[in-house]
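# What follows is a predicted protein model with its sequence.
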Amino acid sequence: MAQKTFGGMAIGVVLIAGMATAGAFAHDHEKMGGMMDRMDTNHDGVISADEHAVFAKSMFDKMDADHDGKVTKAEMEAGMKAMHEEHEERDEHHEHMMKDDKHDAHEKKEAADEASEEMNEKKDH
């Protein structure tokens, strides 16, 4: 019976952490799509109970700093902080990549415009 209680508590802790993480980022569809992609391991476009359980277990394992099969309040707080920092770093990296892509696209457009102008000048002469 104690094992079932522990298992239920562990799942509850992971679900709360997952909901908090998901809720914090639910405003951004792209971020949720990234979470869905990480959970949908067979890439069929849906999350099965098994896929969710594997993801939840990995979150629990990340928070269980001393690997004793339990998550204390301190571990939960530290784990949530670490996950938040990871998300921020990922967001910053993504924003940087988007800026680079926009910059590259702008440079390519300028080069294409210049080439087009040169071709038009050659036609006129």
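Arrived safely.
# Strands of the protein, start to end?
With DSSP state E, there are no strands along the chain.
# which helix of this structure spans the most residues?
helix 73-124 (DSSP state H).
# Which elements pack onto that one?
Helix 73-124 sits against helix 2-25, helix 29-39, helix 49-63, with contacts defined as 3 or more C-beta pairs under 8 Å, 6 or more residues apart in numbering; DSSP states H and E. All C-beta atoms are positioned from the backbone trio N, CA, C, and that covers glycine.
# now with 7 Å?
Applying 3 or more C-beta pairs under 7 Å, 6 or more residues apart in numbering; DSSP states H and E, one finds that helix 73-124 contacts helix 2-25, helix 49-63.
# Which one of those has the poorest average confidence?
Lowest mean pLDDT within these: helix 2-25, at a mean of 55.
# For residue 63, which non-adjacent residue is closest in space?
Closest residue to residue 63 apart from its sequence neighbours, by C-beta to C-beta, 6 or more residues apart in numbering: residue 79 at 3.2 Å.
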